[in-house]
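K.L.:
dropping a prediction and its sequence here:
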2 protein chains.
Amino acid sequence: MPPKPLDYESLNENVKKVAYAVRGELYLRASELQKEGKKIIFTNVGNPHALGQKPLTFPRQVVALCQAPFLLDDPNVELSADAIARAKHYLSMTPGGLGAYSDSRGLPGIRKEIAEFIERRDGYPSDPELIFLTDGASKGVMQMLNSIIRNDRDGILVPVPQYPLYSATILLYGGSLVPYYLEEEANWSLDLENVKQSVATARAKGIIIRAMVIINPGNPTGQCLSESNLKEILLFCYRENLVLLADEVYQQNIYQDERPFISARKILLDMGPPISNEVQLVSFHTVSKGYWGECGQRGGYFEMTNLSLQTVDEIYKVASISLSPNVPGQIFLGLMVNPPKPSDISYLKYTTESKEILDSLRRRAHIMTDGFNSCKNVICNFTEGAMYSFPQIRLPQKAIDAANNAGKAPDVFYCLKLLEATGISTVPGSGFGQKDGVFHLRTTILPAEEDMPAIMASFKNFNDNFMDQYENYRSQSRI
Amino acid sequence: MPPKPLDYESLNENVKKVAYAVRGELYLRASELQKEGKKIIFTNVGNPHALGQKPLTFPRQVVALCQAPFLLDDPNVELSADAIARAKHYLSMTPGGLGAYSDSRGLPGIRKEIAEFIERRDGYPSDPELIFLTDGASKGVMQMLNSIIRNDRDGILVPVPQYPLYSATILLYGGSLVPYYLEEEANWSLDLENVKQSVATARAKGIIIRAMVIINPGNPTGQCLSESNLKEILLFCYRENLVLLADEVYQQNIYQDERPFISARKILLDMGPPISNEVQLVSFHTVSKGYWGECGQRGGYFEMTNLSLQTVDEIYKVASISLSPNVPGQIFLGLMVNPPKPSDISYLKYTTESKEILDSLRRRAHIMTDGFNSCKNVICNFTEGAMYSFPQIRLPQKAIDAANNAGKAPDVFYCLKLLEATGISTVPGSGFGQKDGVFHLRTTILPAEEDMPAIMASFKNFNDNFMDQYENYRSQSRI
């Protein structure tokens, strides 16, 4: 019998090549253990509400009212007047309500609110026609990469360690990932010399570099790019004729004051012509991160700079195939970029809730970094931004040998042991890419603040025993 | 200067090849006219709420409560007790609420409710592990085609006229569309001889046929496949080693009693071994159609039959790249497959609302078919199911000449004139594929029932004048 079309051996090879570590072996094992009744602390995905973060009240009021407009006329429902007004505002943008497909680019009124937000943020006007809404930022990244990649000689520069959305999507669409390494010793900074070296190596192999990805703040590495760093990146894209894909989904998540978030677009426009009107830039944002954390709503957008109308039309056409992004997610985006103003009834509550979340995340970033750095053979850069901690785990040779014997990558071996011993579900560094012979894991900084000390103590207890076990084992075997 | 990576000339060629008529030239022109203040009747997309259909009350109550769980404890909110209970039921499935990513396949509890629905519908058990939730059914179709298509020699059998999701996606992923024609003279029935002929022609060109798409009830053609028809299709897929992709999103939309909806899966399992455990089948469903019409929520699922665990794992892995489908849309799906029961407080209201919508759609299907058939040079099959009417427009030669002179396809020419004269926004038949020299348009049957007589009168007035103009023109020119 020949294989059937959906048998494994006859699937699209690109599908088979894809690896997606964030929900890979560790996640699957954690899910199994959970089914068996073990308490699991899922720190594998940046999923704040799943770890107990409460949603902001105001946006939920507005979206609930949009879902159930009959509540707007119910005299018994006591919701704040500004939530009611805002629900009416969004409903006025979609005569069919949340149940109607919007334009495939998203509701024009919300795209306008996003453009206004970008203008306030960057100090330069933004054109709503160049802003497309998506079911989460990932879908937008996938659409852009699908437009850019023509064949396996098309290369995309991706920071390593990287968020595996990029490696997975580049493989799925048959392109070539060209890694550039971030400098762990310099707090995961981006050294352009590394990028140039990667480009030279790839070009020598016949790869045409088409785009460069930056993740700012970094995932999984947490660093914030400086203004001068962004400038040299844009200059480089200009000289090398690259599209810059700026993943800025963590722009609200900043835990230090030296390097506030600056958008790639602001720097681009600051640089003036010819660069400012030549470099093609696509920037991504979402409601899933920040102090919102509304991951399950799947609301994202991308903004295009210096793309021709003809290209924008092509992207619109492809977006039309799946009709429209989900409308509730669009309204969350509208609310995120246009939050309550000081004169609004909900302002105080909204800002208090937001500040509490952000302040606590900042404290948790410190607790976690300090906790890791107190462990044997573990060193960890401070999480300047985003939601992750990415400690380096210096594994004794005997642990590496034991992993090899078990048929596992050393970091996978370590993370599985950690999971079994403590219930802490992390992602091995190999899922993000790391230099040869260097091992990491990624955790989120999202467990509840009050649980943090116990989690870090549990981690330290496991880690230090693990290190003792394999170091002593080595000593013993040497004796 | 060389072109930049996102300039039109350097985009992925497959992106450029895509055509998507449903939101093509006619839609864009209609949007322009609307901006200029003209009243437009958008019948180009099956978007019921945009044309005034009211959402069902019960599911909106439940989802609003899930978005704003604080309302559950508000003594002033008078929502029905079963809506409150149901909201708590769904919230218990997602400890992080609607703001948390779910498993990439969707919430296990909702996949179980879908499996139970399928079992009640078909009389055979269904496995929740083989059901994946998606942001609307289109996303699922796209994912399956991406898994099946390896290169441009891989062919997908698609009914013509077809819903352009298929042609667009096949081009986007670089495969070959192999059309099989439906029989307009026999109420758009599927004659397997046509399919065999298409397969033979394609194979002669070196195409490997991998999958067959059926749309039942048909879009844009509205026919319902009979049991015997489905049997011969499945037997054919068995003999020819094809995956069957069964687009069954209109399964609630049936407007005659002779051919009720029967799922491809039921027929497959009825046929017994070896066919029932050999033919690979993927079936699609959604909350966007039926009497729900919740398009904007983007809730869909697909169910896989006879796929190996290894393939299912690959599909899971690719689904993981974009993390999870939107959670509110998942809850709408749960509610659709598990509606209020006779003992529930909301049952009467829910069934009354559903029946009103469906009864009205049935009446509108008749009004529209009869209206088209009363027009000069127009013949139209009855809409047995789905949401569309697809009349054939017999254009006089002089109209065809005039279209050619204007550089337009004849059906596009006619539909543009119709739009300018009446505000009725349709999709030309060429967007769906039609036999050479035969012209159609697609409208939805969704305009409000009370508006229908006026719309059809306006159409008839335009059409009959158009026909007179071009027939007389011909007569005159002959004299």
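P.N.:
Looks like it came in fine. Bear in mind the structure is a predicted one, so any value in this text is a computation, not a measurement.

K.L.:
how about A:Ala421: what's its closest non-neighbour residue?
P.N.:
The shortest distance from A:Ala421 to any non-neighbouring residue, by Cβ to Cβ, 6 or more residues apart in numbering or on different chains, is to A:Phe462 (4.7 Å). Where C-beta positions appear, they are placed from N, C-alpha and C, glycine not excepted.

K.L.:
which residues touch that neighbour?
P.N.:
A:Lys417, A:Leu418, A:Ala421, A:Thr422 (Cβ atoms under 8 Å, 6 or more residues apart in numbering or on different chains).

K.L.:
go again with 6 Å.
P.N.:
A:Leu418, A:Ala421, A:Thr422 (Cβ atoms under 6 Å, 6 or more residues apart in numbering or on different chains).

K.L.:
going by distance to chain B, which of these wins?
P.N.:
Using Cβ to the nearest Cβ, the shortest approach to chain B within these belongs to A:Thr422, at 19.9 Å.

K.L.:
so where's the stretch 1-150 of chain A shaky on pLDDT?
P.N.:
A:20-23 (pLDDT under 70).

K.L.:
please enumerate the strands of it.
P.N.:
Counting by DSSP state E, counting those that start in this stretch, the segments of the stretch 1-150 of chain A that form strands are A:41-42, A:131-134.

K.L.:
list the neighbouring strands of the first one plus their orientation.
P.N.:
Read that as strand A:41-42. strand A:424-425 (parallel) (DSSP bridges).

K.L.:
how about A:Phe432: what's its closest non-neighbour residue?
P.N.:
Distances taken as Cβ to Cβ, 6+ apart place A:Pro161 nearest to A:Phe432, at 3.8 Å, with adjacent residues excluded.

K.L.:
contacts only, for that neighbour.
P.N.:
A:Pro220, A:Thr221, A:Phe432, A:Gly433, A:Gln434.

K.L.:
now list the buried members of the residues you listed.
P.N.:
Buried members of these, scored by 16 or more other Cβ atoms under 10 Å in any protein chain shown, are A:Pro220, A:Thr221, A:Phe432, A:Gly433, A:Gln434.

K.L.:
closest to chain B among those?
P.N.:
Closest approach between these and chain B, by Cβ to the nearest Cβ: A:Phe432, at 14.4 Å.

K.L.:
give me the pLDDT value at the closest one.
P.N.:
A:Phe432 carries a pLDDT score of 90 in this model.

K.L.:
look up phi and psi at it.
P.N.:
phi -110, psi -10 (degrees, to the nearest 10).

K.L.:
my guess is it meets A:Pro220, correct?
P.N.:
Yes. Using Cβ atoms under 6 Å, A:Phe432 makes contact with A:Pro220 at a distance of 5.3 Å.

K.L.:
part of a strand, is A:Ile209?
P.N.:
Yes. With DSSP: H, G, I helix; E, B strand; the rest coil as the criterion, A:Ile209 is located in a strand.

K.L.:
neighbour-wise, which of the contacts of A:Phe462 leads?
P.N.:
Highest neighbour count within the contacts of A:Phe462, by other Cβ atoms under 10 Å in any protein chain shown: A:Leu418, with 23 neighbours.

K.L.:
residue contacts, it?
P.N.:
Counting by Cβ under 6 Å, 6+ apart, A:Leu418 has contacts A:Ile424, A:Phe462.

K.L.:
which stretch of helix or strand covers it?
P.N.:
Using DSSP states H and E, A:Leu418 sits in helix A:410-422.

K.L.:
CA atoms of that helix as PDB?
P.N.:
Taking Å, rounded to 0.1, in the frame of the first residue of the first chain, the C-alpha atoms of helix A:410-422 are listed here in PDB:
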ATOM      1  CA  PRO A 410      21.800  18.100  28.300                       C
ATOM      2  CA  ASP A 411      19.500  21.100  28.900                       C
ATOM      3  CA  VAL A 412      16.400  19.000  28.200                       C
ATOM      4  CA  PHE A 413      17.700  16.400  30.600                       C
ATOM      5  CA  TYR A 414      18.200  19.100  33.300                       C
ATOM      6  CA  CYS A 415      14.800  20.600  32.700                       C
ATOM      7  CA  LEU A 416      13.000  17.300  32.800                       C
ATOM      8  CA  LYS A 417      14.700  16.400  36.200                       C
ATOM      9  CA  LEU A 418      13.700  19.900  37.400                       C
ATOM     10  CA  LEU A 419      10.100  19.300  36.300                       C
ATOM     11  CA  GLU A 420       9.900  15.900  38.000                       C
ATOM     12  CA  ALA A 421      11.400  17.100  41.200                       C
ATOM     13  CA  THR A 422       9.700  20.400  41.600                       C
END
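
K.L.:
report the buried residues of it.
P.N.:
A:Pro410, A:Asp411, A:Val412, A:Phe413, A:Tyr414, A:Cys415, A:Leu416, A:Lys417, A:Leu418, A:Leu419, A:Thr422.

K.L.:
excluding residues flanking it in the chain, which one is nearest the first one?
P.N.:
Which is A:Pro410. Counting by Cβ to Cβ, 6+ apart, A:Ala403 is the residue found nearest to A:Pro410 once chain neighbours are left out, at 4.2 Å.

K.L.:
angle of the one helix or strand the one you found maps to against helix A:410-422?
P.N.:
For A:Ala403, the host element (DSSP H and E) is helix A:397-405. Compare the direction of helix A:397-405 with that of helix A:410-422 by axes from the mean of the first three to the mean of the last three Cα atoms, to 10 degrees and you get 100 degrees.

K.L.:
and helix A:397-405, how far from the chain's centre?
P.N.:
Chain-centre distance of helix A:397-405: 32 Å, with Cα atoms, centre = their mean, to the nearest Å.

K.L.:
and that helix, what does it pack against?
P.N.:
Helix A:397-405 sits against helix A:410-422, helix A:452-478, with contacts defined as 3 or more Cβ pairs under 6 Å, 6 or more residues apart in numbering or on different chains; DSSP states H and E.

K.L.:
tell me the mean pLDDT for the last one?
P.N.:
Average pLDDT, helix A:452-478: 85.

K.L.:
show me which residues of it are buried.
P.N.:
Using 16+ other Cβ under 10 Å as the test for burial, helix A:452-478 gives A:452, A:455-456, A:458-460, A:462-463, A:466-467, A:470-471, A:473.

K.L.:
could you list everything A:Glu183 pairs with in the sheet?
P.N.:
Beta-bridge partners, per DSSP bridges, of A:Glu183: A:Ser189.

K.L.:
ok, it touching A:Ser189?
P.N.:
Yes. In this structure, A:Glu183 is within contact of A:Ser189 by Cβ under 6 Å, at 5.2 Å.

K.L.:
neighbour count winner among these two?
P.N.:
Ranked by neighbour count (other Cβ under 10 Å), A:Glu183 and A:Ser189 place A:Ser189 first, with 18 against 14.

K.L.:
gap between that one and B:Ile357?
P.N.:
According to Cβ to Cβ, to the nearest Å, A:Ser189 and B:Ile357 sit 59 Å apart.

K.L.:
now, which of the buried residues of helix A:410-422 sits nearest chain B?
P.N.:
Using Cβ to the nearest Cβ, these come closest to chain B at A:Val412, 16.3 Å.

K.L.:
please name the nearest non-neighbouring residue to the closest one.
P.N.:
A:Pro428 (4.6 Å).

K.L.:
same check, this time on A:Pro59
P.N.:
Nearest non-adjacent residue to A:Pro59, counting by Cβ to Cβ, 6+ apart: A:Leu335, 4.3 Å away.
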